[in-house]
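Trainee: Have a look at this fold, sequence not included:
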């Protein structure tokens, strides 16, 4: 990616202008557009964090909703005692620590056993929070936080950008190669000297910290929370589909998959057809585009071919304009000839 940007400075300039435009967007956009982009950035950050670990190691995790909920509850408790920025960091730390405990006990599992356990983790935390709420009389927690949508927008935009850039940077390091080696064959990776246990646990915890931070940032919009809101398993499945739809093998792939998913969810908001659409998306991914959308985009729209394609398109437009001008001149000449007769 860095080499492509160095070879194509216009592409780097385009990305920079796009980032500046996104930063300035809240100054001119409506509240609805800001809310839509907040959801988009949240899904991008969550899908990228999921892909950072599961997309490379092939440990398919359905615990996104669990860490997302941990972040929400950590913020709900922490904002009473800490400044909002510190409460957000505390939420990320809580997700990191929970993932460390979970990783130490579950990352020895593989395949369907790991999938089932991570799916059950969300329900386990859901029921534990419900039990504690009944015992303490705090089933619902109210959020006395006054944070503007613009601040949440900027926070989640920064989180999404950091997640994408961080995932890309790690993919170019020895850690990224180790993660891919684990995904290809963990036994071979272990025999080549890779500390697979340490790498899996550390990356799983970092991924969970990002998920918890996103949950805490979105919780700033809520007036109250409960266990059903925080630990909703739909987050796990939607993030999984977004990451697979975009392609987990590239840092920017999950972002590509999150965009159509968020737009589809917004279009079908409050409709039962969204669940059907998710199922259809999963079928399409499995049977038609198992690698996701991003490899197709790279195959047909390679960055190094864009200048050549742009030049060819410019020549075609100029030729089309010249043909149109000649046609108009010919028509005008015929019209004048008819008038003289």
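Mentor: Nice, I can see it. As the structure is a prediction and not an experimental result, all values here were calculated from the model. Numbering: from 1, shown residues only.
Trainee: what's near enough to touch the closest residue to residue 41 other than its chain neighbours?
Mentor: If the residues on either side of it in the chain are set aside, residue 41 comes closest to residue 156, at 3.8 Å by Cβ to Cβ, 6 or more residues apart in numbering. In short, each C-beta sits where N, CA and C put it, glycine included. Going by Cβ atoms under 8 Å, 6 or more residues apart in numbering, residue 156 touches 38, 41-42, 45, 214, 217-218.
Trainee: so where does residue 156 fall, helix or strand?
Mentor: helix 149-171 (DSSP states H and E).
Trainee: Show me what the mean pLDDT comes to for that helix.
Mentor: Averaged across helix 149-171, pLDDT comes to 92.
Trainee: thinking again about what came up before, report the separation between the residue nearest to residue 41 and residue 218.
Mentor: Distance of residue 156 to residue 218, computed by Cβ to Cβ, to the nearest Å: 8 Å.
Trainee: Could I get the full set of helices for the stretch 51-200 of the chain?
Mentor: All helices of the stretch 51-200 of the chain, identified by DSSP state H, counting those that start in this stretch, fall at 56-57, 64-78, 84-106, 112-136, 149-171, 174-184, 186-191, 196-219.
Trainee: As JSON lines, the ones you listed with distance to residue 287 would be great.
Mentor: Formatted as JSON lines, the helices of the stretch 51-200 of the chain follow (distance: least, Cβ to Cβ, whole Å):
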{"stretch": "helix 56-57", "distance to residue 287": "23"}
{"stretch": "helix 64-78", "distance to residue 287": "24"}
{"stretch": "helix 84-106", "distance to residue 287": "30"}
{"stretch": "helix 112-136", "distance to residue 287": "20"}
{"stretch": "helix 149-171", "distance to residue 287": "27"}
{"stretch": "helix 174-184", "distance to residue 287": "22"}
{"stretch": "helix 186-191", "distance to residue 287": "27"}
{"stretch": "helix 196-219", "distance to residue 287": "28"}
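Trainee: What separation do you get for the most centrally placed residue in the chain and residue 288?
Mentor: Residue closest to the average C-alpha location in the chain (Cα atoms, centre = their mean): residue 44, at 1.8 Å. Look at residue 44 and residue 288: by Cβ to Cβ, they are 23 Å apart.
Trainee: okay, and for the stretch 101-250 of the chain, where does confidence drop off?
Mentor: Applying pLDDT under 70 to the stretch 101-250 of the chain flags no residue at all.
Trainee: just checking, the residue nearest to the centre of the chain touches residue 254?
Mentor: Yes - counting by Cβ atoms under 8 Å, residue 254 is a contact partner of residue 44 at 6.7 Å.
Trainee: Show me whatever sits in contact with both of these two.
Mentor: Counting by Cβ under 8 Å, 6+ apart, residue 44 and residue 254 have no contacts in common.
Trainee: The residue nearest to the centre of the chain: what's it in contact with?
Mentor: 160, 163-164, 254-255, 258.
Trainee: Mind doing that once more with 10 Å?
Mentor: By Cβ atoms under 10 Å, 6 or more residues apart in numbering, the contact list for residue 44 reads 156-157, 159-161, 163-164, 214, 239, 242, 246, 252, 254-259, 262.
Trainee: Can I take it that it is in a helix?
Mentor: Yes - checked against DSSP: H, G, I helix; E, B strand; the rest coil, residue 44 lies within a helix.
Trainee: ok, the nearest residue to residue 143 once chain neighbours are set aside to residue 79 distance?
Mentor: Nearest non-adjacent residue to residue 143, counting by Cβ to Cβ, 6+ apart: residue 222, 5.4 Å away. For residue 222, the distance to residue 79 equals 11 Å [Cβ to Cβ].
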